[in-house]
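Enquirer: Need coordinates for the below:
(one chain, ligands or ions: 1)
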Amino acid sequence: MAIKYELIKVCKQSGARLGKIHTPHGVIETPIFMPVGTQATVKAMTPEELKKIEAQIILSNTYHLYLRPGHKLVEKAGGLHKFMNWDKPILTDSGGFQVFSLGDLRKISEEGVEFRSHIDGSKHFLSPEKAIEIENSLGADIIMAFDECAPYPADRQYVKNSLERTTRWLKRCIDAHKYPERQALFGIIQGGMYKDLRHQSLNEILSFDLPGYAVGGLSVGEPKDLMYEVLEYTTPLMPKDKPRYLMGVGSPDCLIEGVIRGIDMFDCVHPTRIGRNGTAMTSIGRVVIKNAKYAEDFMPLDPNCDCYTCKSYSRAYIRHLFKAGEILASRLVTYHNLHFLLNLMKEIRQAIMEDRLLDYRREFFQKYGYTL
Ligand SMILES: Cc1ccc(CCc2c3nc[nH]c3cc3c(=O)[nH]c(N)nc23)cc1
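Expert: This next block holds a predicted model:
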């Protein structure tokens, strides 16, 4: 088996689980937040810094690495782990979502999707077979099936046709996968916001015995309550002995609510993206550091944080770096934001262990300023 999921404990207060995913590049403690490293780097961070903040697995992207530098080049370099000097687990998405959301989509057919590169406008074609060929070359420990993430909102018939094609594409991914013993292929459940279609997709995707499954088609602009509702009627029907990955979700409230609804794995560009724009996620809510009110504020970014950024620099200094356009600005806030989310997941794991996750949620929301 490419990976082995070890269920350690089910929370008494909710659907939350504590687990471990054993992979060829090491163990992942779940629930886990996975930093996004789209172009073979978690932007502005070195692998050494990622290890310092205890990142256990990072994500990279088939669509981007196929376009640049090319999956064959990465394969020649010895695969993604060697190329980017990251010896812990890696997960790659299949590229379908990125084509729909980034590339200039030309058309979707049963065969696959034709698109123009967002880099130079050149014409390309991604199919289940092509996506798996790329992911096999990159060599990630967990690889996502080539799926179609329906837009939101989308009408029933579109969502039904799309989920049924995603099922047919999954079969083609499985047949094309060259290294199932060392790269775990996850199936992705679609079905939009329709309960009966979610159950249809779930039954079809789960009929393929795979090492793990993702809930796709969410975090696409729908209200958070609708996302939570879909999870409430989806995760209980997923196998208990396999990891569950909610794609594209990562704000603090969604992480906690997702864990409570039985999700084990999360990813989001959020902490790194807003970090580069100078927004810090702190234990007392968001701090937009370029705001003039921080010009002479000599407190740390987050007074309750023990990360390198918060132990070493003041808000005034970090604000100065942003105003001066210094590269260090992005690095320091990205470092803090990733530490903040990784630490949040560590506290969530601790709360599950002690059967007090719902109490933790209330405390966190009060401090962070969310309404329950
Ligand atoms: C590097 C990397 C970036 C982003 C992702 C997740 C990207 C992502 C979604 N993001 C928000 N909602 C999402 C839904 C889907 C989905 O339904 N299918 C797939 N394959 N990816 C999704 C994975 C890896």
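
Enquirer: Give me the domain ranges for this structure.
Expert: Domain segmentation of the chain under the TED database yields 4-267, 269-371.

Enquirer: Ile289 is in contact with Ile318, correct?
Expert: Yes - Ile318 is within contact range of Ile289, at 5.3 Å (criterion: Cβ atoms under 8 Å). All C-beta atoms are positioned from the backbone trio N, CA, C, and that covers glycine.

Enquirer: Helices of the stretch 251-372 of the chain, start to end?
Expert: 252-260, 270-276, 308-312, 315-323, 327-353, 357-368 (DSSP state H, counting those that start in this stretch).

Enquirer: Now do the buried residues in the second one.
Expert: Right, helix 270-276. His270, Pro271, Thr272, Ile274, Gly275, Arg276 (16 or more other Cβ atoms under 10 Å).

Enquirer: how many neighbours does the residue of the chain found nearest the ligand have?
Expert: Here the chain gets closest to the ligand at one residue, Gly248, 2.0 Å apart by Cβ to the nearest ligand atom. As a burial measure, Gly248 scores 22 neighbours (other Cβ atoms under 10 Å).

Enquirer: ditto for Lys4
Expert: Using other Cβ under 10 Å, Lys4 has 13 neighbouring residues.

Enquirer: re earlier: restrict the buried residues of helix 270-276 to contacts with the ligand.
Expert: The overlap between the buried residues of helix 270-276 and the neighbours of the ligand (Cβ under 6 Å from any ligand atom) is empty.

Enquirer: Would you convert these into TSV that also reports distance to Leu338 and pLDDT?
Expert: Below are the buried residues of helix 270-276 laid out as TSV (distance: Cβ to Cβ, whole Å; pLDDT from 0 to 100):
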residue	distance to Leu338	pLDDT
His270	10	88
Pro271	5	93
Thr272	7	96
Ile274	11	96
Gly275	8	97
Arg276	12	96
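
Enquirer: Among these, which one lies nearest to Gln56?
Expert: Of all the buried residues of helix 270-276, Gln56 sits closest to Pro271, with 15.2 Å by Cβ to Cβ.

Enquirer: Contact partners for that closest one?
Expert: Listed by Cβ atoms under 8 Å, 6 or more residues apart in numbering, the contact partners of Pro271 are Pro35, Gly250, Met281, Thr334, Asn337, Leu338, Phe340, Leu341.

Enquirer: what do you get if the cut-off is 10 Å, keeping everything else the same?
Expert: Residues near Pro271 by Cβ atoms under 10 Å, 6 or more residues apart in numbering: 33, 35-36, 42, 250-252, 279-281, 333-342.

Enquirer: wait, doesn't Gly285 sit right on Gln366?
Expert: No - taking contacts as Cβ atoms under 10 Å, Gly285 lies outside contact range of Gln366: 11.0 Å.

Enquirer: Touching stretch 288-306 from outside, list them.
Expert: 274-275, 277-285, 287, 307, 309-323, 329, 332-333, 336-337, 339-340, 343, 367.

Enquirer: What remains of these if I keep only buried residues?
Expert: Taking 16+ other Cβ under 10 Å as the criterion, what is buried in these is 274-275, 278-282, 287, 307, 309-310, 313-315, 317-322, 329, 332-333, 336-337, 339-340, 343.

Enquirer: which bits of the chain sit near the ligand?
Expert: So far as Cβ under 6 Å from any ligand atom goes, the chain lies against the ligand at 36, 38, 59-61, 93-94, 96-97, 144, 147, 149, 188, 216-217, 219-220, 247-248, 267.

Enquirer: out of the residues you listed, which are inside helices?
Expert: With DSSP state H as the criterion, helices contain Gly96, Phe97 from among the residues of the chain next to the ligand.

Enquirer: Using PyMOL, make a named selection holding only the buried ones among the residues of the chain next to the ligand.
Expert: Per 16+ other Cβ under 10 Å, the buried members of these correspond to this PyMOL selection:
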select buried, resi 36+38+59+60+61+93+94+96+97+144+147+149+188+216+217+219+220+247+248+267
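
Enquirer: So for Leu372, what's the pLDDT?
Expert: According to the prediction, Leu372 has pLDDT 62.

Enquirer: who's in contact with the residue nearest the centre of the chain?
Expert: Central residue of the chain (Cα atoms, centre = their mean): Asp267, 1.7 Å from the mean position. By Cβ under 10 Å, 6+ apart, the contact set of Asp267 is 32-36, 57-59, 91, 93, 214, 219, 245-250.

Enquirer: Skipping adjacent residues, who's closest to it in space?
Expert: Nearest non-adjacent residue to Asp267, counting by Cβ to Cβ, 6 or more residues apart in numbering: Met34, 4.5 Å away.

Enquirer: is it true that the one you found lies in a strand?
Expert: Yes - counting by DSSP: H, G, I helix; E, B strand; the rest coil, one finds Met34 located in a strand.

Enquirer: from memory it sits against Ala140, does it?
Expert: No - assessed by Cβ under 10 Å, Met34 is found out of contact with Ala140, at 11.4 Å.
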